[in-house]
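[1] Sequence plus predicted model, see below.
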Amino acid sequence: MSKASDDARGEVTASWLVVFFKGVCMGAADAVPGVSGGTIALVTGIYERLIAAVTAVSPGRIVDVLGGVAPDGRTDAVQALREMDVRFLLALGAGIATAVVSITRVVHVGITDFPVPTFGFFFGLIAASAWVLFSEVEMDTPGRIGAAVAGFVFAFVLSGQAAASLGTSAPVTFVAGAIAISAMILPGISGSLLLILLGQYEYMTGTLKAFVDGLLGLALGGPVGPVAESGVVVVAFMLGAVVGLFTVAHAVRWALEHHREPTLAFLVALIVGALRAPVVSTTNQLAELGRTWTTEGYAVFAVAAVLGAVLVLLVDRYAGLAEIDDEEDTAARSVD
């Protein structure tokens, strides 16, 4: 094999490793509410490619890929895989999954054992996200104001009642997956925030932790029961996410393209209304631990919230710089 061929193969491997690590960054963001994986995609320069790849996934192309098992269908299958940018999605998805599995284990411990600073940090992340998005919205028409009111009321009511009213059944998990995946194409909106809003965040982080622990135990000769029990939930969530790619994500994309301002108004108000969720979750978790709010607890919550807000504002600043660089590059190419 020639040196040129080795160098070319090394460059390809390096490029996919870069995509993988960008996925790790996105997954780390998506694992916590407030910081959007979409924003990280924008900062790292892969947002447009991600949107193109996600929206290219369609039932027709999936059928073409499945038809590749027959010799006469392989050409169409290869073409469909290229149009969906599958190599990119696989490398990025592997990075996202690696980070989500790792981060959620830590987050779940924080939620169960240290709820005040953990949910305080989440509160700051969510509040700063609302502030960042608010700068892009003008509440100057009845339609936008109405959309904002609807978003706030929906989130405020749901964030206080979802965990108790929705429960943790397989259908609810399926729907949660379909809704959470839509955050992939929304800079500023986190999939974890949507899970908190639906009252599924603590349940899913705990289930994912149990699933990974079960897999590790099974590899060491342990029972299959823990894997099967938590695996049903994980599969339901993933199936919901796949369906969401064909439905919810496309619907959100359409709404942003055709009714951008009212949609953003709804989303910003949704985030503001969702600020109730971390407070309610903290209170509930403290009750489970046999504790209540204290003056020290309020102070810790506030400090953690400030830290979370600063993190989002820093990420947004870098995202803004990334957008400016993209616009300058586009302008330079148009001149050339």
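    Done, it's in. Residues are numbered from 1 along each chain as shown.

[2] Going by C-alpha atoms from here, please, whenever you check contacts or count neighbours.
    Fine.

[3] Report the backbone C-alpha coordinates of stretch 51-69 in CSV.
    Extracted C-alpha coordinates of stretch 51-69, given in CSV (Å, rounded to 0.1, in the frame of the first residue of the first chain):
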residue,chain,number,x,y,z
ILE,A,51,-30.0,20.0,9.6
ALA,A,52,-29.5,18.8,6.0
ALA,A,53,-28.7,15.2,7.2
VAL,A,54,-31.6,15.0,9.7
THR,A,55,-34.2,16.4,7.3
ALA,A,56,-32.9,14.1,4.6
VAL,A,57,-34.0,11.1,6.6
SER,A,58,-37.3,10.1,5.1
PRO,A,59,-39.4,6.9,4.8
GLY,A,60,-38.6,6.7,1.1
ARG,A,61,-34.9,6.7,1.6
ILE,A,62,-35.2,4.2,4.4
VAL,A,63,-37.1,1.9,2.0
ASP,A,64,-34.3,2.4,-0.6
VAL,A,65,-31.7,1.4,2.0
LEU,A,66,-33.6,-1.7,3.1
GLY,A,67,-34.0,-2.6,-0.6
GLY,A,68,-30.2,-2.8,-0.8
VAL,A,69,-30.3,-6.4,0.4
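
[4] Counting neighbours, which bits of that stretch end up buried?
    Along stretch 51-69, these residues count as buried under the neighbour rule (16 or more other Cα atoms under 10 Å): Ile51, Ala53, Val54, Ala56, Val57, Arg61, Asp64, Val65, Gly67, Gly68.

[5] Pull up the gap between the first one and Ser36, please.
    By that I understand Ile51. Here the distance between Ile51 and Ser36 works out to 14 Å (Cα to Cα, to the nearest Å).

[6] Can you read off the pLDDT for Cys25?
    Predicted confidence (pLDDT) for Cys25: 88.

[7] Pull the number of nearby residues for the closest residue to it other than its chain neighbours.
    On the basis of Cα to Cα, 6 or more residues apart in numbering, the spatially nearest residue to Cys25 that is not a chain neighbour turns out to be Ile40, at 6.9 Å. Using other Cα atoms under 10 Å, Ile40 has 26 other residues around it.

[8] Quick check: phi and psi at Met139.
    Here the main-chain torsion angles of Met139 (degrees, to the nearest 10) amount to phi -90, psi 70.

[9] quick one: average confidence on stretch 33-49?
    When pLDDT is averaged over stretch 33-49, the result is 78.

[10] distance of Ser182 from Phe114?
    In this structure, Ser182 lies at 29 Å from Phe114, with Cα to Cα as the measure.

[11] and what of Ile103?
    If you measure Ile103 against Phe114 using Cα to Cα, the figure is 15 Å.

[12] between these two, which one's more packed in?
    Per other Cα under 10 Å, whichever of Ile103 and Phe114 has more neighbours is Ile103, with 19 against 16.

[13] mind showing which ranges of the stretch 1-150 of the chain have poor pLDDT?
    Across the stretch 1-150 of the chain, the ranges flagged by pLDDT under 70 are 1-13.
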